[in-house]
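Visitor: Dropping the sequence and predicted coords here.
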Amino acid sequence: MDTVQEESVEWLLYPFIPYGKITILQGDPGEGKTTLALQIIARLTMGQPIIETAAAAKPVKVIFQTAEDGLADTIKPRLMAAGADCSRVLVIDDTEKALTLEDERLETAIRQTGARLVVLDPIQGYLGAGVDMHRANEIRPVMKRVGDLAEKYHCAIILIGHMNKNSGERSSYRGLGSIDFQAAARSVLIVGRVKDDPTLRVVCQTKSSLAPEGKAIAFRLHPETGFQWEGEYDISADELLSGGGKGHKLREAKAFLTELLQDGPVPQTEIEKAAREKGIREKTLRNARYELEIESHKVGRRWVWSMPPGK
């Protein structure tokens with residue numbers, strides 16, 4: 001080890017997506033995995049912060065491959081809606097020959113374009129007919145090659161995957177196929193829908209080998225306003241997937257606000273102090289306020305919260 005030169009980890013998005021490594025993004029069908037990936041891509045191509053707390057950077061090129069959605073009728077419209085610079089979103093032509101994780105075209109594309117992010121959606125679509133996703137001895141060499149590509153070209157590689165239907169299992173065992181998929185990844189993210197709010201999704205990190213696990217982050221997919229980050233959300237991955245604890249902290253916060261405001265407006269500072277004493281986090285309190293449509297207005301020099309008329 002005395003001949004090994006130490007290196008610091010560079011992040012596309014700390015602590016969720018490292019450069020030079022594999023990240024797995026998984027969840028049940030229809031929970032917003034691809035939409036989230038396209039939102040990240042759009043911001044990268046425009047040089048914008050991925051989330052509010054992240055720093056802006058110069059625009060970069062991204063390789064995006066999908067084996068499920070049409071480029072013209074699904075992916076392009078979503079990218080345009082997200083404000084992406086589509087000239088920086090690149091696709092390997094696989095119309096005549098299916099692309100696989102072991103395909104030389106993948107390395108060639110990364111080398112020629114200098115792409116900083118590669119997204120393959122879903123993992124299963126790029127294994128190839130000769131690879132059994134449930135056999136560790138077949139998955140390990142494939143994932144090693146992908147990991148080597150990420151390290152060699154110092155790009156982030158995101159593999160999107162579906163979850164299996166074993167709802168009683170821990171989140172780490174609900175990814176489809178061999179556990180070696182997750183073993184090869186340095187970061188594993190799970191996207192799920194909040195039971196009590198059909199427009200709200202949460203990203204939970206279930207594995208982080210290079211940094212402390214990040215706190216869950218919520219985003220909203222609203223039919224009118226589209227994609228919007230909502231900030232930190234107090235829920236675990238197992239709660240998110242099992243449904244048993246989905247939104248329990250939010251329900252507590254909503255009940256707290258409803259009781260506190262039932263007799264009329266209350267100063268915001270008093271509400272926040274009482275919430276802290278009950279162990280309700282600031283972001284959870286704000287989410288509850290959003291759900292209850294609580295109004296905020298200034299009385300003298302103080303801001304007060306009040307329930308909307310009729311509630």
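Guide: Okay, I see it.

Visitor: and the residue nearest to Ile280 when sequence neighbours are not counted, what does it touch?
Guide: Among residues not flanking Ile280 along the chain, Ala253 sits closest, at 5.1 Å (Cβ to Cβ, 6 or more residues apart in numbering). C-beta: built from backbone N, CA, C; applies to glycine. Ala253 sits next to Ala275, Ile280, Thr284, Leu285, Asn287, Ala288 when contact means Cβ atoms under 8 Å, 6 or more residues apart in numbering.

Visitor: Let's see that with 10 Å instead.
Guide: By Cβ atoms under 10 Å, 6 or more residues apart in numbering, the contact list for Ala253 reads 234, 247, 275, 278, 280-281, 283-289, 291-292.

Visitor: of those, the lowest pLDDT goes to which?
Guide: Ranked by pLDDT, those bottom out at Gly247 (59).

Visitor: So Phe227 versus Pro77, what's the distance?
Guide: Distance, Phe227 to Pro77, using Cβ to Cβ, to the nearest Å: 13 Å.

Visitor: If you could redo that for Ala216, that was the one I meant.
Guide: Going from Ala216 to Pro77 by Cβ to Cβ gives 29 Å.

Visitor: First-to-last residue distance for stretch 210-230?
Guide: One end of stretch 210-230 to the other measures 25 Å (Cα to Cα, to the nearest Å).

Visitor: how far is that stretch from where the chain is centred?
Guide: Centroid separation between stretch 210-230 and its chain, computed with Cα atoms, centre = their mean, to the nearest Å, is 7 Å.

Visitor: List the buried residues in that stretch.
Guide: Buried residues in stretch 210-230, counted by 16 or more other Cβ atoms under 10 Å: Gly214, Ala216, Ile217, Ala218, Phe219, Arg220, Leu221, Phe227, Glu230.

Visitor: check contacts around the second one.
Guide: With contacts defined as Cβ under 10 Å, 6+ apart, the neighbours of Ala216 are 189-190, 192, 202-205, 231-237, 239-240, 283.

Visitor: Whichever of these end up buried, select them in PyMOL.
Guide: In PyMOL, a selection of the buried entries from the contacts of Ala216 looks like this (16+ other Cβ under 10 Å):
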select buried, resi 189+190+192+202+203+204+205+231+232+233+234+235+237+239+240+283
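
Visitor: out of the contacts of Ala216, which are inside strands?
Guide: The strands, defined by DSSP state E, take in Leu189, Ile190, Gly192, Val202, Val203, Cys204, Gln205, Gly231, Glu232 from the contacts of Ala216.

Visitor: partners of the most centrally placed residue in the chain in the sheet?
Guide: Centroid-nearest residue in the chain: Val203, 4.6 Å away (criterion: Cα atoms, centre = their mean). Judged by DSSP bridges, the bridge partners of Val203 are Val191, Ile217.

Visitor: so what's it up against?
Guide: Contact partners of Val203, counting by Cβ under 10 Å, 6+ apart, are 16, 25, 27, 32-33, 36, 51, 189-192, 214-219, 229, 233, 237, 240.

Visitor: swap the cut-off to 7 Å and go again
Guide: Contacts for Val203 (Cβ atoms under 7 Å, 6 or more residues apart in numbering) come out as Leu36, Leu189, Val191, Ala216, Ile217.

Visitor: so where is the chain shaky, pLDDT-wise?
Guide: Confidence mapping of the chain against pLDDT under 70 gives the ranges 164-177, 243-248, 311.

Visitor: can you rerun that using 50?
Guide: 168, 245-246 (pLDDT under 50).

Visitor: Please report how far the nearest residue to Gln182 once chain neighbours are set aside lies from Pro29.
Guide: Distance criterion Cβ to Cβ, 6+ apart; nearest residue to Gln182, sequence neighbours excluded, is Val188 at 5.2 Å. Going from Val188 to Pro29 by Cβ to Cβ gives 18 Å.

Visitor: Likewise for Leu90?
Guide: For Leu90 relative to Pro29 (Cβ to Cβ), the value is 26 Å.

Visitor: I'd like the contacts of Val203 written out as a markdown table, with distance to Val4 added.
Guide: Converted to a markdown table, the contacts of Val203 look like this (distance: Cβ to Cβ, whole Å):
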| residue | distance to Val4 |
| --- | --- |
| Leu36 | 35 |
| Leu189 | 29 |
| Val191 | 36 |
| Ala216 | 35 |
| Ile217 | 34 |
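
Visitor: Among Val188 and Pro29, which residue is more densely surrounded?
Guide: The residue with more neighbours, out of Val188 and Pro29, is Val188; 27 against 9, by other Cβ atoms under 10 Å.
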